[in-house]
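**Student:** Compute the structure for the input listed below.
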Amino acid sequence: MWMEPLSHRDYPLTYINNPTNNAVITSNGVKNVAVAQPGLLYNQARLDVSGSVNPTRWTTGQTVNTVFLDATQISQSNSNLTAGTHTVASVSYTPVSTNSRIIIEYQANYVITGFNQDLFESYIIMDGTNQVAKREQYFDNNLGGGGRSGTLFPISGSITNNQNTTARSIIIRLVVASDSVNFSGRGNAYDACMKITEIAL
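**Tutor:** The predicted structure is shown next:
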């Protein structure tokens, strides 16, 4: 009777001769194999990579992507904005994940003229219609009256992203009362900034 040699089959791996601290069980796409690779430590899960890491899955709360933009990169207004509704800054952001939360933080230097009960409002608008943040700045009804509220900036907000990884618009919108908000003369890169952080859900 013919018997198949043991070398002709694959058997479960139960014992490794002369094991090392870096021995791991992995798959070569066909079967499980034992390998020893520098930087891979059992349980400690340390991974040394000489190139870049490009994950396609993330754990909840893990940072997927971070972008920091200065005033020259966000179409920042450099004008004296009078009464009305204005776009102060805008940028397009393409999400990396289709199951994430996009956090937007914006800061800018500005000067408000006038006095007497003026109310100004700032917003973060996503995709043209989704309001994700609002701030107000109100002034006391006295000559040179000080603020009786928070300030317009910094402003931050977030929105859940479950769309395809297509570009999404981010707009910083400002509603100006009777007096003006002056951004003119503030065209330096450091006069405004926006930070976009995408985290996994």
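
**Student:** Could you break the protein into its assigned domains?
**Tutor:** By the assignment in automatic domain parsing, the chain contains the domains 17-50, 63-200.

**Student:** what's the least confident stretch among these?
**Tutor:** Among the domains of the chain, domain 17-50 carries the lowest mean pLDDT, a mean of 58.

**Student:** tell me the SS of Thr72?
**Tutor:** Using DSSP: H, G, I helix; E, B strand; the rest coil, the structure places Thr72 in helix.

**Student:** Now do the contacts for it.
**Tutor:** By Cβ atoms under 8 Å, 6 or more residues apart in numbering, the contact list for Thr72 reads Ala189. All C-beta atoms are positioned from the backbone trio N, CA, C, and that covers glycine.

**Student:** ok, it to Asn164 distance?
**Tutor:** Distance, Thr72 to Asn164, by Cβ to Cβ, to the nearest Å: 29 Å.

**Student:** what does Thr60 give?
**Tutor:** 21 Å.

**Student:** returning to what we had before: quick one, which of the domains of the chain is packed in tightest?
**Tutor:** domain 63-200 (a mean of 16; mean count of other Cβ atoms under 10 Å).

**Student:** Output the domains of the chain in JSON lines, with distance to Thr56 appended to each entry.
**Tutor:** What follows is these, written out as JSON lines (distance: least, Cβ to Cβ, whole Å):
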{"stretch": "domain 17-50", "distance to Thr56": "16"}
{"stretch": "domain 63-200", "distance to Thr56": "9"}
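
**Student:** Tell me the bridge partners for the nearest residue to Ser156 once chain neighbours are set aside.
**Tutor:** Ranked by Cβ to Cβ, 6 or more residues apart in numbering and with sequence neighbours excluded, the top spatial neighbour of Ser156 is Glu105, at 4.3 Å. Residues in a beta bridge with Glu105, per DSSP bridges, are Ser156, Lys195.

**Student:** looking at it, Glu105 is touching Lys195, isn't it?
**Tutor:** Yes. Counting by Cβ atoms under 8 Å, Glu105 touches Lys195, with 4.4 Å between them.

**Student:** Pull the distance from stretch 127-134 to the chain's centre.
**Tutor:** 16 Å (Cα atoms, centre = their mean, to the nearest Å).

**Student:** same deal with stretch 141-155?
**Tutor:** On Cα atoms, centre = their mean, the centre of stretch 141-155 falls 29 Å from the chain's centre.

**Student:** swap in stretch 166-173?
**Tutor:** Taking Cα atoms, centre = their mean, the mean C-alpha location of stretch 166-173 is offset from the chain mean by 13 Å.

**Student:** And the contacts of that stretch?
**Tutor:** 85-95, 102, 104, 106, 108, 122-128, 155, 161, 194, 196.

**Student:** Which ones among those lie within strands?
**Tutor:** Members of the contacts of stretch 166-173 lying in strands (criterion: DSSP state E): 85-93, 102, 104, 106, 108, 122-126, 155, 161, 194, 196.
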